[in-house]
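[1] any chance you can model this:
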Amino acid sequence: MSKYRSISVFLLSLIALSIFSIFWAYPALARDRVFLDISLDFLGEYRFSNPNLDIPVGGLTAITYDRQRDRFYALSEDSQFAPSRFYTLKLTFNATGTEKIGIQKIDVESVTFLTDKDGKTYTQGTIDPEGIALSPQQTIFISDGTTPSIQEFDLTTGRLLTSLPIPDRYLPDAANGVERTKGVQDASAFASLTLNPTGTIPAIGEPIRLFTATKSALVQDREPPSSELGTKSRFLHYLIGYGPPVLIAEYLYLLDPHGIANELVELLALDQGGHFLSLEHSQERSGFNIQLFQMTTGGAIDTSRINSLKGSPRSIRSVKKKLLLDLKELDISLENLQGMALGPRLSDGTSSLLLVSNSEFAKEQATQFLLFRLNQPLRDIPQILKKTKTHM
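    Numbers count the residues shown, from 1 in each chain. Got it, this is the predicted structure:
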């Protein structure tokens, strides 16, 4: 009996040790599950020369991919050289092997001017288009970087269809030199814009979720320059499709304190589980400082009923994020990168990620495209990417 008793004691000890090990490792495992298991491979850059068109090409602040047509729509913030507009681009990839995938050329096929409901183009400085997202209804949503607004336009004609409701706390309460007490700061409204369908495959009439965020803190959320709390952006989550569009949640997004006037310039939804890529951007004497993060809204506290986040208490949990790539590590000259989009599958079956820069039509700046391979387990790849065609 003593022999069997010894074996039983040994097995019980082994089980207890295993259970202890699981619980001891649980916090680390839980943290790992918060984020997707993704990584990036840099495949190369493409510097865009202005084609021989009547309308100059430049000032690109955002880009989105149309998988049905296999085309990209690139938004220009410029209204000086031509009315506010977006371009239809065709990208051709070259690939003789998985290690040689790159952009062979970019063709500008057409330009579409944005107009109001009466079909009139916007006069210079009227709008500041900075974010773009394509809906399953073949419309485009465009966010404004100066005036807090998000509007829906017809993809074919560029005509305004509707506007999303913006909470009062985002609207500036004073102008003409009077000190503001609330609302977005100057040129710090909505540069980022992304959406995803509520179902597995985009379909006409299907409700969609739209996401945007302020570039920087609202006036009422700003901390003193001496504060170590960081810049507080607000992340907005809209539901569109069941009646009028509605803001269903809002979260605190903390920007990293890098460079001068670090800003959140782009968001990109990765799935329906609250996982995103975020692009932060600042400028230093040595050039542009650009960082790409993976972020998740899981566990974040809804801040939509909090008028001011100044001196945020610890009870307000922000979105979680972790650095995916500091673009300085690419060891290339970086331009003013502001736009980001998931593209078609590459010839090796992986997903593509494209970043684009805003040249601002400056002679010393070019329009730069950066191409990446997005590596992630098959179970994490959204259905909207699984259905895209493969490019050789």
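[2] can I see the domain layout of the protein?
    Domain ranges of the chain: 1-34, 40-386, per automatic domain parsing.
[3] among the ones you listed, show me which one is buried the most.
    When you average the neighbours per residue for each of those (mean count of other Cβ atoms under 10 Å), domain 40-386 leads with a mean of 18. In short, each C-beta sits where N, CA and C put it, glycine included.
[4] what's the offset of it from the middle of its chain?
    Taking the mean of its C-alpha atoms, domain 40-386 sits 4 Å from the chain's own mean (Cα atoms, centre = their mean, to the nearest Å).
[5] how about the nearest residue to Leu277 once chain neighbours are set aside, secondary structure?
    In this structure, Leu277 finds its nearest non-sequential neighbour in Leu268, 4.3 Å apart by Cβ to Cβ, 6 or more residues apart in numbering. The three-state label given to Leu268 by DSSP: H, G, I helix; E, B strand; the rest coil is strand.
[6] gap between Leu268 and Phe293?
    11 Å (Cβ to Cβ, to the nearest Å).
[7] now do the shared contacts for these two.
    Residues within reach of Leu268 and of Phe293 at once, by Cβ atoms under 8 Å, 6 or more residues apart in numbering, are Leu277, Ser278, Leu279.
[8] nearest to Lys120 among the residues you listed?
    Ranked by distance to Lys120 (Cβ to Cβ), these are led by Leu279 at 32.9 Å.
[9] quick one, phi/psi of Tyr140?
    No Tyr there; residue 140 is Ile. phi -120, psi 140 (degrees, to the nearest 10).
[10] name the nearest residue to the one residue sitting closest to the centre of the chain, ignoring sequence neighbours.
    Central residue of the chain (Cα atoms, centre = their mean): Leu267, 1.2 Å from the mean position. Counting by Cβ to Cβ, 6+ apart, Leu267 lies nearest to Ser192, which is 4.1 Å off, once chain neighbours are set aside.
[11] one more: Gln294?
    Once flanking residues are discounted, Gln294 sits nearest to Leu324: 4.9 Å by Cβ to Cβ, 6+ apart.
[12] just the pLDDT at the one you found, thanks.
    pLDDT for Leu324: 97.
[13] check Leu374 too.
    Reported pLDDT at Leu374 in the predicted model: 96.
[14] try Phe42
    You'll see Phe42 listed with a pLDDT of 96.
[15] list the strands paired with the helix or strand hosting it, with their directions.
    Using DSSP states H and E, Phe42 sits within strand 39-48. Take DSSP bridges as the rule and strand 39-48 pairs in its sheet with strand 367-375 (antiparallel).
[16] now stretch 115-126: average pLDDT?
    Computed over stretch 115-126, the average pLDDT equals 95.
[17] now do it: distance from first to last residue.
    Stretch 115-126 stretches 11 Å from its first residue to its last (Cα to Cα, to the nearest Å).
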